[in-house]
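[1] Please work out how this folds:
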Amino acid sequence: MKIKVFRVYLSVILVLVSHSFVFSEDIKAVVAYSDGRIVEVTEENRKGIFGDEKLLQKDIFISNGITFNIQYQDVNTGFNDPTWGSQRKQVLVNALGYVADVLNISGGKLDLNVSSVVIAGQFLASAGPIVVWTLPLNPGVNNGSAYQHLLNGSTDPNGPSYPDMQLTVNWNYNYYLGTGTPLSNQFDLLSVLIHEITHGIGFLTSIAYNDSQCGGNRPNGTGWTGSQPDIYTSVDTFLVTGNNNRFINSSFYFIGQGYYFTGGDNGVYINASNVVTVYGGRPRIYAPSTYQCGSSISHWNNLGGVMDPSIAPGVVRREYLPFEVALLKDIGYVNASLPTQEGEGQTEGEGGASEGEGIYEGEGEECYFIWIAPDFDNEGRGFYTELSNRLGIPTINWETTDFDGGGIPDSWEIAVLKRAIFTPKVLWRLEATCVYIHNLNLLKSEPQYDLWLRPYEHVLAGLLALNSDIQELLINQVNLINSYETIKRVEKASEELLSPYGDADYDGFNNRTEYLNCLNAGLLLNDFVEVVLNPELDGTLSPSEALSINFSVVFFVLLMLISVGIYAVYVTERDRRRDLIR
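    Got it, this is the predicted structure:
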């Protein structure tokens, strides 16, 4: 991979001559972020999105015939961090260089704007193209300015004053900056950047669903502009359900149903000639029963590729799978192919783990970041129905079955796990996340996985993490061969926090006791989950009632303390005055 790098610092450029591209009433533009947000670009918000031009640093490099113009918003942070900035930039160069090697485009260009954030518990990174269209609208396919500029470097689709793609990296996480193997608590930055850049160059959808949830107001089924017919991405036009029903017709009208977006018509798939040929069928698209902004309809359904919806620390996905390259060809990169392998040097990793540092001690290390909440309920119903049919036991069902015999339905126990994984204040959230993903990865090596377990992998991984009793039963009934972990108070301890007799919130009441209290009080599943994870609750009252009482007590005690304090001051002042009189 031969790369030429040139640096230009805008802060020292006194005169910048360029044609100004102004978005008018006849020209519209949006930034399509990979987290599901679509933000209209105007002259008023331009600085807020793309940064202050006076502070931007610009790098230019050429790789395999493509010229990359990069402007960094960071000032002494992120990609311009005094310690890690140069290494982080090199990883970005490597990611863009790899994509260039795959696309095989001569004369293409890409203008990339880069920013940074530090936000706990959020995305690793987000990227997407700037999409421009003119009015009156001409319905059709629009994959964004990055796609257009790459394929036609002689014409800048949105003018030289605006980038083609926006990339944001969240530096809250521990990233590996080399090309070797990251540590078990490090996210591979190269894998993350290749994933996000691929969204920006065209692996994305514009089709709206529950857009208000994602920060917009477009009607279901519309594309970039929120109208009908509309402009859509190539991937939008490839979407079909498992029952072979399309989302978009050839006139660019939405002809689907709302339930298509959540897999309600036997799943969602990509139907395009090259990818179907290489994959050997239609690859499945991620479409959980609960729609996830930025994830649903925009990733593979965990097929092991670069464009899967999540990645674990210690895992590298730095190369497209053959069917992913085939999809790039279907999108329009007709020369796309896997590059010839070359040896690469290693760069030291960022923030490597210190000696003796663990992942169960609560130091704040991120063992695993899950981009998408697992759809335990939908998978669980299917899995238990499958078990019922295979075992010939009609009483097995997701709502009531209690495989560990502890008195709590399995569906209620795993709901606690799901809440814990996404609740930072839960003391054992880190361990729960680690155990869950460990089990999920092990499942994928099971002989039964491709035969029938794949559609239920998330719920099965979660059930195996709950406690030894349910784990032993499932291993025997499903014929699993690997050794799985359960969630415990600390590493190698015997107490399993999510067993019926564990104490998930350390309040002295085991989970079964709090479950029975909830039943007696007429409380429902969501109440039970909150009770089990909150040491101030025991299930005898609803969470809202109990917390209201607790607040009243605290307020009363605080008021009494204030009153006592005021009285003490009064007595002190009174005695002082008496002493003065004497």
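[2] in the stretch 101-250 of the chain, which spans are helices?
    Taking DSSP state H, counting those that start in this stretch as the test, the helices found in the stretch 101-250 of the chain are 145-151, 189-200, 234-238.
[3] Out of these, the one nearest Tyr286 is which?
    Distances from Tyr286 to each of the helices of the stretch 101-250 of the chain were compared using Cβ to Cβ; the minimum, 12.4 Å, belongs to helix 234-238. (C-beta placed from N, C-alpha, C; glycine too.)
[4] if we can go back for a sec, export the helices of the stretch 101-250 of the chain to CSV and append columns for mean neighbour count.
    Formatted as CSV, the entries for these read as follows, by neighbours: other Cβ atoms under 10 Å:
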stretch, mean neighbour count
helix 145-151, 25
helix 189-200, 24
helix 234-238, 22
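[5] Show me the one of those helices that comes nearest Ile331.
    Nearest of those to Ile331, taken as Cβ to Cβ: helix 234-238 at 4.6 Å.
[6] what's next to that closest one, contact-wise?
    If you take Cβ atoms under 8 Å, 6 or more residues apart in numbering as the criterion, helix 234-238 is touched by 141, 143, 202-207, 223, 247-248, 270-272, 298, 327, 330-332.
[7] hmm, try it at 6 Å
    For helix 234-238, contacts defined as Cβ atoms under 6 Å, 6 or more residues apart in numbering pick out 141, 143, 205-207, 248, 270-272, 331.
[8] Go through those residues and flag which are in strands.
    When the contacts of helix 234-238 are checked against strands (DSSP state E), the matches are 141, 270.
[9] okay if I get the contacts of helix 234-238 as CSV plus pLDDT and distance to Ala32?
    What follows is those, written out as CSV (pLDDT from 0 to 100; distance: Cβ to Cβ, whole Å):
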residue, pLDDT, distance to Ala32
Val141, 96, 14
Asn143, 95, 10
Thr205, 94, 9
Ser206, 93, 7
Ile207, 94, 12
Ile248, 97, 17
Ile270, 97, 19
Asn271, 96, 23
Ala272, 96, 20
Ile331, 97, 15
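[10] So the closest residue to Leu56 other than its chain neighbours, which state does it fall into?
    The shortest distance from Leu56 to any residue that is not its chain neighbour, by Cβ to Cβ, 6 or more residues apart in numbering, is 4.6 Å, and that residue is Gln71. Secondary structure for Gln71, judged by DSSP: H, G, I helix; E, B strand; the rest coil, is strand.
[11] doesn't Asn113 make contact with Gln71?
    Yes: applying Cβ atoms under 6 Å, one finds Gln71 in contact with Asn113, separated by 5.4 Å.
[12] What segments of the stretch 401-550 of the chain are helices?
    Listed in chain order (using DSSP H, counting those that start in this stretch), the helices of the stretch 401-550 of the chain are 410-421, 429-443, 457-466, 468-478, 511-520, 525-532, 543-581.
[13] how far off helix 410-421 does the fourth one point, in degrees?
    Helix 468-478 runs at 120 degrees relative to helix 410-421, counting by axes from the mean of the first three to the mean of the last three Cα atoms, to 10 degrees.
[14] Show me what helix 468-478 is packed against.
    Helix 468-478 makes packing contacts with no helix or strand when contacts are defined by 3 or more Cβ pairs under 6 Å, 6 or more residues apart in numbering; DSSP states H and E.
[15] Give the buried residues for that helix.
    469-471, 474, 478 (16 or more other Cβ atoms under 10 Å).
[16] can you check stretch 530-547 too?
    Residues of stretch 530-547 classed as buried: 530-534, 537-539, 541-543, 546 (neighbour count, 16+ other Cβ under 10 Å).
[17] For the helices of the stretch 101-250 of the chain, give me JSON lines that also has mean pLDDT and distance to Asn302.
    Listed next are these as JSON lines, based on pLDDT from 0 to 100; distance: least, Cβ to Cβ, whole Å:
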{"stretch": "helix 145-151", "mean pLDDT": "95", "distance to Asn302": "26"}
{"stretch": "helix 189-200", "mean pLDDT": "96", "distance to Asn302": "14"}
{"stretch": "helix 234-238", "mean pLDDT": "97", "distance to Asn302": "17"}
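[18] Can you tell me which of those is nearest to Gly305?
    Comparing the helices of the stretch 101-250 of the chain under Cβ to Cβ, the one sitting nearest is helix 189-200, at 9.4 Å.
[19] Tell me how far Pro394 lies from Leu387.
    Applying Cβ to Cβ, to the nearest Å, the value for Pro394 to Leu387 is 11 Å.
[20] So for those two, which residue has more residues nearby?
    Remark: of Pro394 and Leu387, Leu387 carries more neighbours, 19 against 8, as counted by other Cβ atoms under 10 Å.
[21] Just flag the most distant two among the buried residues of stretch 530-547.
    The largest distance within the buried residues of stretch 530-547, taken as Cβ to Cβ, falls between Leu533 and Leu541 and amounts to 15.9 Å.
[22] mind giving me the domain ranges of the chain?
    Under automatic domain parsing, the residue ranges defining each domain of the chain are 3-331, 376-502.
[23] who touches the nearest residue to Glu457 once chain neighbours are set aside in this structure?
    In space, Glu457 comes closest to Leu443 once its chain neighbours are excluded; the distance is 5.3 Å by Cβ to Cβ, 6+ apart. Leu443 makes contact with 449, 457, 461 under the criterion Cβ under 6 Å, 6+ apart.
[24] now swap in Tyr260 and tell me
    The neighbours of Tyr260, taking Cβ under 6 Å, 6+ apart as the test, are Thr241.
[25] so it sits in a strand?
    No: for Tyr260, which was evaluated using three-state DSSP, the result is helix, with no strand membership.
[26] per-residue confidence at it?
    Per-residue confidence (pLDDT) for Tyr260: 96.
[27] can you check Phe369 too?
    In the prediction, the pLDDT value recorded for Phe369 is 51.
[28] what ranges do the strands span in the stretch 251-400 of the chain?
    268-270, 284-285 (DSSP state E, counting those that start in this stretch).
[29] Give me the contact list for the last one.
    Just to be clear, that refers to strand 284-285. Contact with strand 284-285 is made by 267-269, 297, 301, as judged by Cβ under 6 Å, 6+ apart.
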